[in-house]
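Trainee: Sequence and predicted structure, then a few things I'm wondering about:
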Amino acid sequence: MNVINFRDANCAHCYKCLRNCDVKAIRIKNGQAQIVQDMCIYCGHCMEICPQKAKTFDSDLEYVKHMLKHREKLVVSLDPSYSGLLNLNQPKKIVDALYKLGFADVRETAEGAALITEEYARLIEEGKMENIITTSCPAIIYLVEKHYPMLIPYLAPVISPMIAHGRMIKAKMGKHTKVVFIGPCVAKKMEAEADRSTLGAVDAVIEFNELEQWLAEEDIDVNRCEEREFSNPDPQVNQLYPVPTGIMRAVSAYCNTGKYKMMTVSSVKSSRELLHSMKRGYLKNCFVELNLCSGGCVNGPGVNKRRGFRFKAAMNIEDNVCMGAVHMDNPLSPKQMSRSYTPQQVLDKMPSEAEIKEILKTIGKSNSDTEFNCGACGYMSCREKAIAIYQGKAEAAMCLIRSYENARSQANVVMENIPSIVMIVDKDFRIREFNKKAEQVFGTTRSEALKSYLFDYIDTTEFEEVYLTHEPKIHMKKKWDYYQMTVLETIVYVENADRVLAVIEDVTSEESRAEKLMLKKLNSIKMAQDVIDKQMKTAQEIAGLLGETTAETKATLNELRDYMLQEEDA
């Protein structure tokens with residue numbers, strides 16, 4: 001089952017999710033991020049920090065609407081953080097709003113937390129466990145099972161408040177009752193619907209963000225609703241579970257902590273540091289409350305963080321809590337209240353030292369001097385990344401420094417070998433790029449050119465026009481008399497950089513060849529014209545001679561004719 005889904009089309013190769021995943025449960029394949037299910041603890045932080053919104057929560061909202069449409073009996077188990085995280089002027093107005101959505105009953109998950117607090121108090125009084133790790137966060141359970149399985153004996157063998165509440169509701173209202181948990185957590189969905197040890201207690205999970213969206217769709221303004229009481233008794237101090245020290249204070253209200261030292265930790269990083277210490281045997285006789293989200297459940301991934309009021313939310317919860325202990329009627333058996341844990345750690349095959357070095361070479365890390373360990377790819381060191389490549393979790397192309405150097409190298413190859421002048425200037429016409437051909441033509445070095453302006457070398461009229469109009473000038477022929485050159489100028493405006501790029505082709509030799517060819521053509525035409533003129537003159541002379549001879553012949557023939565006519569008359 002996937003609690004978090006990825007949209008490949010939206011993944012932007014930024015590796016932000018990998019950088020922010022403390023357990024490195026992200027695999028990059030063909031440039032796209034994927035969840036490594038064997039390592040994921042379903043904290044949902046990758047959803048929060050993804051700038052492209054490529055990660056989404058596998059929502060149960062439509063399923064809940066479908067059940068309501070078919071008139072099934074749905075009961076809400078509402079996480080106690082509602083009083084701080086939902087935008088309410090009176091907390092209990094949410095009860096009326098949920099009834100308007102069609103739910104048959106609305107109860108607080110803290111009702112189940114009261115049962116769990118009593119179980120924690122019993123473990124303390126028994127004093128049999130060397131350390132007791134407590135949490136209402138399933139992500140902490142997955143963290144221990146998958147990454148610290150040696151610490152499973154320290155996990156309190158008790159179900160979570162959500163599971164206890166779901167089982168309690170079904171025990172009191174019938175097994176066919178559908179329980180919908182509403183809260184700020186992503187991992188709760190995994191606990192409710194995919195964990196075999198807790199399956200069946202809760203039928204659907206909705207985030208607070210989804211609830212607010214649903215209320216808006218139904219045009220229900222919570223703050224215009226009536227105040228209504230929850231169906232459960234006041235859970236009092238057990239409403240503190242969503243805030244740091246909440247479990248610890250609740251347990252302290254029920255019993256004396258005895259030999260155990262109380263400790264509260266929140267955030268993935270801090271939780272891992274504590275688990276590392278416990279793994280090494282540094283901690284003894286500790287009752288530890290772990291929260292995966294920094295600041296507790298009030299800072300969960302299913303919360304609208306743009307409001308930025310997690311501390312205000314914590315204070316609102318504190319202000320609405322009665323600090324007394326309450327004993328709930330518990331319809332569940334000891335077996336239903338307990339749970340066991342299963343080691344789920346998957347150990348990847350490790351490469352040899354020679355294999356690591358070979359992989360490092362393929363990503364341009366031939367020695368320690370080239371191992372920058374910048375962390376941009378998501379791994380703390382180049383060596384860690386090489387291991388991840390070996391394990392199929394990373395790709396060589398993820399090295400941003402190498403990609404930059406490759407791109408720059410290829411760009412330099414083009415710039416150095418292109419036979420045209422390439423220049424880039426800014427709005428002040430200060431030179432920002434200057435290639436090898438430009439160095440040869442203008443008789444200076446690139447470093448010196450980058451300190452100067454374009455007008456130090458050529459006329460900038462066309463450049464100014466392009467910068468002002470943003471209209472390109474393509475293959476514009478121009479003579480540079482000072483440099484004894486004829487050039488074809490292509491000048492374009494680069495909008496994103498607000499600069500002007502010029503590619504200038506030296507066509508002096510082509511122009512010279514064209515002039516010589518034209519001269520040959522003109523000489524050939526002149527020679528042809530001379531021949532024509534001589535031919536015409538000869539023809540005219542011949543015609544003149546022929547004309548005189550013809551006239552004489554004509555006169556002689558006329559005389560002969562007249563003479564012969566005269567003889568016939570005689």
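Mentor: Happy to help now that I have it.
Trainee: ok, and for the longest strand along the chain, which residues are buried?
Mentor: Longest strand in the chain, counting residues (DSSP state E): strand 485-494. Of all the residues in strand 485-494, those buried under the rule 16 or more other CB atoms under 10 Å are Met485, Thr486, Val487, Leu488, Glu489, Thr490, Ile491, Val492, Tyr493. For glycine as for every other residue, the C-beta is placed from the backbone atoms N, C-alpha and C.
Trainee: and which of the residues you listed is nearest Ala156?
Mentor: Using CB to CB, Tyr493 is the member of these that lies nearest Ala156, at 66.8 Å.
Trainee: What residues does Ile124 make contact with?
Mentor: Ile132, Val251, Cys255, Asn256, Thr257, Gly258, Tyr260, Phe287 (CB atoms under 8 Å, 6 or more residues apart in numbering).
Trainee: Keep only those of those that are in strands.
Mentor: Reading strands off the contacts of Ile124 with DSSP E, I get Ile132, Phe287.
Trainee: Direction included, what does the host helix or strand of Arg432 pair up with?
Mentor: Here Arg432 sits within strand 431-434, counting by DSSP states H and E. Strand pairing for strand 431-434, using DSSP bridges, gives strand 421-425 (antiparallel).
Trainee: Mind putting the contacts of Ile124 into CSV with neighbour count?
Mentor: Output for the contacts of Ile124, formatted as CSV (neighbours: other CB atoms under 10 Å):
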residue, neighbour count
Ile132, 22
Val251, 28
Cys255, 16
Asn256, 11
Thr257, 14
Gly258, 11
Tyr260, 20
Phe287, 25
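Trainee: Can you name the two of the contacts of Ile124 that sit furthest apart?
Mentor: The widest separation within these (CB to CB) is 14.5 Å, between Ile132 and Asn256.
Trainee: Between the contacts of Ile124, which sits nearest Met168?
Mentor: Once CB to CB is applied, the member of the contacts of Ile124 that ends up nearest Met168 is Val251, at 19.4 Å.
Trainee: list the contacts for that closest one?
Mentor: Thr117, Tyr120, Ala121, Ile124, Thr134, Thr257, Phe287.
Trainee: what number of residues lie near the nearest residue to it once chain neighbours are set aside?
Mentor: Closest residue in space to Val251, ignoring its immediate chain neighbours: Tyr120 at 4.9 Å, by CB to CB, 6 or more residues apart in numbering. Look at Tyr120: counted by other CB atoms under 10 Å, it has 21 neighbours.
Trainee: Then Ile363?
Mentor: 23.
Trainee: do the same with Glu511
Mentor: Glu511, neighbours per other CB under 10 Å, totals 15.
Trainee: And Lys29, by the same measure?
Mentor: Counted with other CB under 10 Å, Lys29 comes out at 12.
Trainee: still on that earlier bit, for the residue nearest to Val251, what are phi and psi?
Mentor: phi -60, psi -40 (degrees, to the nearest 10).
Trainee: hmm, back to that, want to throw the buried residues of strand 485-494 into JSON lines with distance to Lys436?
Mentor: Formatted as JSON lines, those follow (distance: CB to CB, whole Å):
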{"residue": "Met485", "distance to Lys436": "17"}
{"residue": "Thr486", "distance to Lys436": "21"}
{"residue": "Val487", "distance to Lys436": "17"}
{"residue": "Leu488", "distance to Lys436": "19"}
{"residue": "Glu489", "distance to Lys436": "19"}
{"residue": "Thr490", "distance to Lys436": "18"}
{"residue": "Ile491", "distance to Lys436": "20"}
{"residue": "Val492", "distance to Lys436": "21"}
{"residue": "Tyr493", "distance to Lys436": "24"}
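Trainee: Would you format those as JSON lines with distance to Asn304 and pLDDT included?
Mentor: What follows is the buried residues of strand 485-494, written out as JSON lines (distance: CB to CB, whole Å; pLDDT from 0 to 100):
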{"residue": "Met485", "distance to Asn304": "64", "pLDDT": "90"}
{"residue": "Thr486", "distance to Asn304": "66", "pLDDT": "90"}
{"residue": "Val487", "distance to Asn304": "60", "pLDDT": "90"}
{"residue": "Leu488", "distance to Asn304": "59", "pLDDT": "91"}
{"residue": "Glu489", "distance to Asn304": "55", "pLDDT": "91"}
{"residue": "Thr490", "distance to Asn304": "52", "pLDDT": "93"}
{"residue": "Ile491", "distance to Asn304": "50", "pLDDT": "93"}
{"residue": "Val492", "distance to Asn304": "45", "pLDDT": "94"}
{"residue": "Tyr493", "distance to Asn304": "42", "pLDDT": "94"}
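Trainee: which stretches of the stretch 101-250 of the chain form strands?
Mentor: 105-108, 132-134, 178-183, 204-207 (DSSP state E, counting those that start in this stretch).
Trainee: Give me the sheet partners of the last one and which way each runs.
Mentor: Within its sheet, and counting by DSSP bridges, strand 204-207 is paired with strand 178-183 (parallel).
Trainee: need the contact list for Gly31.
Mentor: Contacts of Gly31 (CB under 8 Å, 6+ apart): Cys11, His13, Glu395, Ala397.
Trainee: so where is the stretch 101-250 of the chain shaky, pLDDT-wise?
Mentor: Judged against pLDDT under 70, the stretch 101-250 of the chain has no low-scoring part.
Trainee: can you map out the helices along it?
Mentor: 110-126, 138-147, 161-173, 187-193, 208-217, 246-254 (DSSP state H, counting those that start in this stretch).
Trainee: residues making contact with the third one?
Mentor: The contact list for helix 161-173 (CB under 8 Å, 6+ apart) reads 73, 75, 77, 79, 105, 107, 109-113, 115-116, 136, 159, 177, 179, 181, 183, 188, 191-192, 198, 201-202, 238, 241, 330-332, 336-337, 339.
Trainee: the helices in the stretch 251-400 of the chain, which residues?
Mentor: Under DSSP H, counting those that start in this stretch, the stretch 251-400 of the chain gives helices at 268-279, 310-319, 334-337, 353-362, 382-390, 400-417.
Trainee: For Glu358, state which of the contacts of Ile124 is nearest.
Mentor: Nearest member of the contacts of Ile124 to Glu358, counting by CB to CB, is Ile132, at 46.8 Å.
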